[in-house]
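J.: predicted model and sequence follow; I will ask about them next.
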Amino acid sequence: MKLKFILCLLLSGIFFQIKAQQYSIIPQPVMVIPGTGTFDFSYSVNIVFDKEQNENADYLNQYLAKYYSVRPILGGGMKKKIALRNPGIQTDNLIQHDDEYTLSITGDSIIIKGSSAGVFYGIQTLLQLMPAEKISSFQIPCCDIHDYPRFSWRGMHLDCARHFFSVEFVKKYIDMMAYYKLNMFHWHLTDDQGWRIEIKQYPLLTQIGSYRKETMVEKNFDPYIGDKTPVDGFYTQEQVKEIVQYAAKRHITIVPEIEMPGHSQAAIAAYPELACYGNNYEVWTKWGVTNVTLCPTSDVIQFYENILSEIISLFPGKYIHIGGDEVPDDHWKNSKQVAELMHEKNLQTYAQVEAYFINQIEQYVISKGKKIIGWDEILEGGVSQSATIMSWRGTEGGVAAAKKGNDAVMTPGKYCYFDHCQSQNPLEPICIGGYLPLDTVYSYDPMPSQLSADESMHILGAQANVWTEYISTGDKIEYMIFPRMLALSEVLWTQKKNMDYWNFIGRLEKHFELLNMRGINYRVPDVKIEVRTMDGNKFMIGMSCIETDAMIHYTLDGSNPTETSLSYLEPLTLTAEECKKLKAIAITKSGKRSLIISN
Ligand code: TNX
């Protein structure tokens, strides 16, 4: 791989900025000290571990067996060993945080030290040093690593309401997060288009609410065209418990989201008494913001408290996401009950009506020993200090929250919406809109610059959101999140001074290969075409792909390039005519293809 890379570098000279890195770790650790020599996995190794590291030993063992057919002996007495250790109280005062670890690789041993979360992250780093192919005899380079994250909330969100994703896929999603040291899984379980979690007290929520008769075809809002294909599915409480446990083993906390008082049409279709009026609601088949909302009466609030009591017993994490976004006034404006409530409670605006609803729910959640988190709209009508704010309509919500003393998680659309398009290539598969390329994700700094040191303590971190209006398969989710999630992991974990986009790109190749080995789809970056004018109506063309191991093929006659088209090996000299017709594609070693790009 290296030789070919250097060859490419020499041949295409002018265009390449990508430099392969020796330890291609993502996210980049705090400190990597290269060593000499290697640890050899060709011989039997054993894993020794402290009692608290039991599950980590199990995880590592299973991973080695699955991908490399290496079968270490747990707790055996062999000389070559991997040791998973708690930090020694006196000897390891270097390790101070929960997610912190040290990893030391010598010819005889691999020692990972930290809390159980820390060691888990050390294991992820170790796994990235292993080859990206399923071989059972290999060496990894000696080194010393010391590492800890920049932010404590390193999140990914997944919308399982607009489309339903299987238990198996949700587990895969959790695995993908874990490989990159992400630790908060925001699970969007209810919306207008589907209710996806079993609630024992209200069986119609899933009997009716988890089924939508069809979905709008692409963006045919008006005139509306439906696809006449039902979408359904929900998670039973047993399945939820299984997923929660699966995530916990990977040091991932699940934040369940139950939307209220907007985005609730599926619940209202099941129980129309949740609305202020009307009884003929259906699980919505369109995208956008529906007019119907929950009615802020004490019965409805009680109903939602009952739902939350089941949610709270299923999810051990401290946060319950109560939605709170995009609540239109229309339904409330036409309601006598709401008018009475506003009069009785002296509420002036509909934002205050929403605040009244959310505050009651919050009191309940607090009484159960948990905290609420909600989208930034909940700031508008006034919210208590203990609520955490998810800043999505830009960063202003997060800044305002931190200034008021509320915690905030940053997820601004411009940097964190992985349902937005990754390129402006007309061949890009349908996406919701927007434009969020890899380098823009990488450029994001979740810490707003206008905060004081004290205020900035309230910024817990950030997360990317994966809304699934236009994503109906696991394969497409993977396409939408990779490689962008790798950039996000670095934004959240890596110290600011260690961030460097081109260095990150140099580490990506290994990760494309690892994704492949782990059976994960990703978007092969488009070929980049650069044109330089030369004398005599000629142009010099350089082409490159961020996936450096991919072969670039091109045509000059307007036809679509394939693997049998000309291979790009060095800069081309073309006429203006040829230039206009140039089309290129990158095809990886494993046969994955980029979109075709036209000059
Ligand atoms: C806005 S982000 C929404 C979602 C949509 C998303 C599409 C947020 C709190 N609300 O309901 O799915 O835009 O990008």
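T.: Okay, I see it.
J.: burial count for the residue of the stretch 1-150 of the chain found nearest the ligand?
T.: Relative to the ligand, the nearest point of the stretch 1-150 of the chain is residue 150 (24.0 Å; C-beta to the nearest ligand atom). Where C-beta positions appear, they are placed from N, C-alpha and C, glycine not excepted. Residue 150 is flanked by 20 other residues according to other C-beta atoms under 10 Å.
J.: quick check, pLDDT for it.
T.: Here the pLDDT value assigned to residue 150 is 98.
J.: quick one: residues contacting it.
T.: Counting by C-beta atoms under 8 Å, 6 or more residues apart in numbering, residue 150 touches 492, 493, 494, 495, 496.
J.: equivalent analysis for residue 158, please.
T.: Counted by C-beta under 8 Å, 6+ apart, residue 158 has contacts 165, 170, 173, 185, 186, 187, 188, 466, 468, 477.
J.: chain center to the helix or strand containing the fourth one, what's the gap?
T.: Assignment of secondary structure by DSSP states H and E places residue 185 within strand 184-188. Counting by C-alpha atoms, centre = their mean, to the nearest Å, strand 184-188 is centred 9 Å from the centre of its parent chain.
J.: then stretch 236-250?
T.: 18 Å.
J.: please apply the same query to stretch 548-566.
T.: Distance, centroid of stretch 548-566 to centroid of chain: 32 Å (C-alpha atoms, centre = their mean).
J.: that one - what's its average pLDDT?
T.: For stretch 548-566, the mean confidence score works out to 97.
J.: show me which residues of it are buried.
T.: 548, 549, 550, 551, 552, 553, 554, 555, 556, 561, 565 (16 or more other C-beta atoms under 10 Å).
J.: same thing with stretch 332-348?
T.: 332, 335, 338, 341, 342, 347.
J.: what about the nearest residue to residue 289 once chain neighbours are set aside, neighbour count?
T.: Distance criterion C-beta to C-beta, 6 or more residues apart in numbering; nearest residue to residue 289, sequence neighbours excluded, is residue 326 at 4.7 Å. Residue 326 has 16 neighbours, counted by other C-beta under 10 Å.
J.: OK, contacts around residue 59?
T.: 120, 123, 249, 250.
J.: what sits against whichever residue of the stretch 201-350 of the chain sits closest to the ligand?
T.: For the stretch 201-350 of the chain and the ligand, the shortest gap (C-beta to the nearest ligand atom) falls at residue 325, measuring 3.5 Å. By C-beta under 8 Å, 6+ apart, the residues touching residue 325 are 259, 262, 263, 374, 375, 376, 377, 392.
J.: who's in contact with the residue nearest to the second one when sequence neighbours are not counted?
T.: Put plainly, it is residue 262. Spatially, and ignoring its direct neighbours in sequence, residue 262 is nearest to residue 327 (3.8 Å; C-beta to C-beta, 6+ apart). By C-beta under 8 Å, 6+ apart, residue 327 lies in contact with 261, 262, 293, 350, 354, 377.
J.: my guess is the second one meets residue 322, correct?
T.: Right, the one you point to is residue 262. No. At 11.1 Å, residue 262 and residue 322 do not qualify as touching, with contact defined as C-beta atoms under 8 Å.
J.: related to what we said a few turns ago, next step: the buried residues of stretch 332-348 restricted to helices.
T.: 332, 338, 341, 342 (DSSP state H).
J.: for the first one, give its distance to residue 464.
T.: As judged by C-beta to C-beta, to the nearest Å, residue 332 and residue 464 stand 32 Å apart.
J.: just residue 586 next, same as before
T.: On the measure of C-beta to C-beta, residue 586 and residue 464 end up 25 Å apart.
J.: if we can go back for a sec, so which of the contacts of residue 325 reach the ligand?
T.: By C-beta under 6 Å from any ligand atom, the members of the contacts of residue 325 lying near the ligand are 375, 392.
J.: for the ligand, what's the nearest residue on the stretch 101-250 of the chain?
T.: residue 159 (6.3 Å).
J.: from what I see, residue 199 and residue 308 are in contact.
T.: No. In this structure, residue 199 is not within contact of residue 308 by C-beta under 8 Å, at 9.7 Å.
J.: who does the helix or strand residue 102 falls within pair up with?
T.: For residue 102, the element it lies in under DSSP H and E is strand 101-105. Partners of strand 101-105 in the sheet, by DSSP bridges, are strand 109-114 (antiparallel), strand 139-147 (antiparallel).
J.: and the longest one, what's buried?
T.: When you say that, I think you mean strand 139-147. For strand 139-147, a neighbour-count test (16+ other C-beta under 10 Å) marks 140, 142, 143, 145, 146, 147 as buried.
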